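*Asks:* model this:
(one chain, ligands or ions: 1)
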Amino acid sequence: MGMEILEEMSGFLQKGRAKNVKALVTQALEEGIDPKAILNEGLLSGMMIIGEKFKKNEVFVPEVLVAARAMNAGLAILEPKLIEIGNEPVGKVVIGTVKGDLHDIGKNLVAMMLKGAGLEVTDIGVDVDVDKFISEAENVGADIICMSALLTTTMPNMKAVIDELKARGLRDKYIVMVGGAPVNEAFAEQIGADYYTPDAATAAEVAKQAVLAK
Ligand code: B1M
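*Replies:* Just a heads-up that it's a prediction; the model follows:
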């Protein structure tokens, strides 16, 4: 019986039906279903399906955004329960778009997918300078620093963050992931990043694996 409600929740989430997702999370909690099961089988599973479909071009940015909104609506109800039972996130991520760059649609999608993979995400926005990436990572105790760039002119600012991490003796403390339309594997290697990922779903998968392997 429990499983059915979670499947239904996942289905509503994929359709972006925030109200229905909220109602089902509330109902599932009332029925005494384990909050972790609600998280994993009701919410995150639905978001992973959307992520896969997005990767295969079966759904597009608007569908992902409404699904993410539905996930966040469900999470808001679930979060206090998860904190009560001490559900540890898989890991912590700080994500931002680099200095001089205001593009945030792709970065927001990556942030949502990372959340969907069970990571705790601190989104520090756009036009983020070197010091902010590092100080925020230090403040939240991040495992991963994620940087997005959409302009060829701002890509070098990714290297500036990595160079500053090295200068402060912090490079080995963090996994560094880079992405965005003009970024590629060769560039990531050249600047000394740990990972380049081409899309939001892959970013989430790789981030999760990388933290688990840390
Ligand atoms: Co701008 N823009 N833009 N723009 N813009 C591009 C990027 C451009 C390619 C358009 C073009 O000329 N064909 C071009 C860059 C050229 C270049 O550098 N070679 C460009 C330019 C030139 C500019 C301005 C300089 C224009 C001007 O003012 N003269 C200016 C710069 C402003 C600034 O940042 N300082 C500018 C401004 C803007 C708007 C504000 C109007 C708007 C941004 C709105 C916003 O983000 N809130 C905008 C937009 C929308 C675009 C295009 C049309 C779309 C970008 C987008 O959101 N794509 C873009 C052209 C294009 O790409 N077709 C363009 C959808 C998004 C889902 O994809 O961001 O690639 P994307 O993210 C993907 C992956 O890349 C990946 O996952 C995402 C989802 O799968 N990914 C990561 C992203 N970050 C990741 C991080 C990861 C891993 C994966 O790990 C950490």
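*Asks:* what about the strands in the protein?
*Replies:* 92-97, 120-123, 144-148, 175-179, 195-196 (DSSP state E).
*Asks:* for the longest one, name the packing helices and strands.
*Replies:* Other elements packing on strand 92-97 under the criterion 3 or more CB pairs under 8 Å, 6 or more residues apart in numbering; DSSP states H and E are helix 105-116, strand 120-123, helix 130-140, strand 144-148. All C-beta atoms are positioned from the backbone trio N, CA, C, and that covers glycine.
*Asks:* the residue lying closest to Ile50 once chain neighbours are set aside and the ligand, how far apart?
*Replies:* Distances taken as CB to CB, 6 or more residues apart in numbering place Ala67 nearest to Ile50, at 4.5 Å, with adjacent residues excluded. Per CB to the nearest ligand atom, to the nearest Å, Ala67 is found 14 Å from the ligand.
*Asks:* any idea how far Ala67 is from Glu52?
*Replies:* 12 Å (CB to CB, to the nearest Å).
*Asks:* need the contact list for the residue nearest to Ile50.
*Replies:* Ala67 is in contact with Leu13, Gln14, Lys15, Gly16, Gly46, Met47, Ile50, counting by CB atoms under 8 Å, 6 or more residues apart in numbering.
*Asks:* which of those lies closest to the ligand?
*Replies:* When the contacts of Ala67 are compared for distance to the ligand, the smallest value, 11.8 Å, is given by Ile50; criterion: CB to the nearest ligand atom.
*Asks:* so what's Gly16 up against?
*Replies:* Glu63, Leu65, Val66, Ala67, Arg69, Ala70.
*Asks:* can we see that at 6 Å?
*Replies:* The neighbourhood of Gly16, defined by CB atoms under 6 Å, 6 or more residues apart in numbering, consists of Val66, Ala67, Ala70.
*Asks:* and the residue lying closest to Lys214 once chain neighbours are set aside, how far from Lys115?
*Replies:* With CB to CB, 6+ apart as the measure, Asp143 is the residue that lies nearest to Lys214, at 6.2 Å, once sequence neighbours are left out. According to CB to CB, Asp143 and Lys115 sit 14 Å apart.
*Asks:* now do the contacts for the residue nearest to the spatial centre of the chain.
*Replies:* Residue closest to the mean C-alpha point of the chain, counted by CA atoms, centre = their mean, is Leu114 at 1.9 Å. When contacts are counted by CB under 6 Å, 6+ apart, Leu114 touches Val93, Val121, Ala204, Ala207.
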